[in-house]
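# No sequence on hand, only this structure:
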């Protein structure tokens, strides 16, 4: 069952001065983040480093983020999100400005770039948990807000590499790092001007000071995470998805398309993927399924078209179409998932729950990427991609077969914002219909 709300009412439930500031912060920061891989690759290659060095620099950021994001969730629940997010942006402003200075000076040492990347990952781990709890505090239509942010981030992902390429061509890699630093300055300014409404009385659960209290908050977040079967079930299935689908798809699609059709064709396929994510975000703005995760899992089936079309050796138009369908399905699922977490989980533990969600979702991606090469050597890249397409179907079927996932009923934002009785004492919320 899908409900469609009137456009003016939905717009009023999303857009406000404060949400517009947060929207701008996320869009600009995402634009900068998608410029970074181009800057790293071009800059390090120009200074005599190889592809392995580029991967190491990127891995430093990813490793720090994945290892520390759970602790960032505890900090966000204990001390509030806005100040932590501004602080994280200012740290990244400084690190990227330093990277720009190194590239402008021509004195580029790999360990320094990796150290800067590690610091960025730490700052990202502090920043990211607060995103989940900020959205429902700024918009009563949480799904509409997530859809709008998803569209903006998808558009930024399309534009970022192109802007970075122009800056590298007309300026230098240092110019890209300088522009990236500027995006964090803009994000910090938007967040500084933001006025977050206060949390409901008693919604901030701080259990004291010191390392013992910190560990207690961490354990309470884990208990709340485990108490929601729909939540940990999706993360468990998602680990399989990362290993068998997403992990091998990204590197193997790149090598197959570039090898058979050239880099321009890969650019076209990537653009089609990005355009599909925009479409998926727009659909998520419009469609209002009562059982959001069921609808999202059905849409996610479309991702199978991406690896399957490349693995089957179809022509470039078919691969681009498969990428567009995949992007739309993944984007729609992303909005349904984010909205479910933000509205089903009470505010006092939302940052910690989101941190466990992010950590669990990303944990297996490096494993899938690492196994992609050996699997392709044994089976052939085309067969691995076909298996990834078939596994994508199986993952979606698994999500739909879990009663707690397919039966989860949407909760209106007003109830979630009040902190209601939805999951007080860690109760399973999936059987409660409100609004």
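Received it, and whenever you're ready, just let me know what you need. Everything numeric in this text was worked out from a predicted model, so none of it was measured.
# Show me where the stretch 201-350 of the chain dips below the pLDDT cut-off.
For the stretch 201-350 of the chain, the stretches with pLDDT under 70 are 201-210, 263.
# Which parts of it are strands?
288-289 (DSSP state E, counting those that start in this stretch).
# where along it do the helices fall?
Here the stretch 201-350 of the chain has its helices, by DSSP state H, counting those that start in this stretch, at 211-226, 229-241, 247-261, 263-286, 292-300, 305-311, 316-344, 347-363.
# Any idea which of these gets closest to residue 399?
Closest to residue 399 of the helices of the stretch 201-350 of the chain is helix 292-300 (Cβ to Cβ; 4.0 Å). For glycine as for every other residue, the C-beta is placed from the backbone atoms N, C-alpha and C.
# What number of neighbouring residues does residue 213 come out with?
14 (other Cβ atoms under 10 Å).
# Going forward, the N-terminal residue is numbered 163.
Sure, I'll start counting at 163 from here, so that last one is residue 375.
# Out of the helices of the stretch 363-512 of the chain, the one nearest residue 211 is which?
Proximity to residue 211 (Cβ to Cβ) singles out helix 409-423 among the helices of the stretch 363-512 of the chain, at 19.3 Å.
# That closest one versus helix 478-506: what angle between them?
160 degrees (axes from the mean of the first three to the mean of the last three Cα atoms, to 10 degrees).
# Could you check helix 409-423 and say which residues are buried?
409, 410, 411, 413, 414, 415, 418, 419 (16 or more other Cβ atoms under 10 Å).
# and of the helices of the stretch 363-512 of the chain, who's closest to residue 532?
Set against residue 532 and scored by Cβ to Cβ, the helices of the stretch 363-512 of the chain come closest in helix 409-423, at 7.8 Å.
# now the closest one against helix 391-403, angle please.
Using the same axes, to 10 degrees: helix 409-423 against helix 391-403 is 40 degrees.
# Run through the neighbouring helices and strands of helix 409-423.
Using 3 or more Cβ pairs under 8 Å, 6 or more residues apart in numbering; DSSP states H and E, the elements in contact with helix 409-423 are helix 425-448, helix 467-473, helix 527-541, helix 543-563.
# Deepest in the core, which of these is it.
Ranked by mean neighbour count, the helices and strands packed on helix 409-423 are led by helix 467-473 with a mean of 27 (mean count of other Cβ atoms under 10 Å).
# tell me how far it is from the chain's mean position?
22 Å (Cα atoms, centre = their mean, to the nearest Å).
# I would like the residues contacting it, please.
Identification of contacts with helix 467-473 by Cβ atoms under 8 Å, 6 or more residues apart in numbering yields 407, 410-411, 414-415, 418-419, 435, 480-481, 483-485, 487-488, 543-548, 550-552, 554.
# low pLDDT regions in the stretch 213-362 of the chain?
The model of the stretch 213-362 of the chain has pLDDT under 70 over residues 213-214, 217, 361-362.
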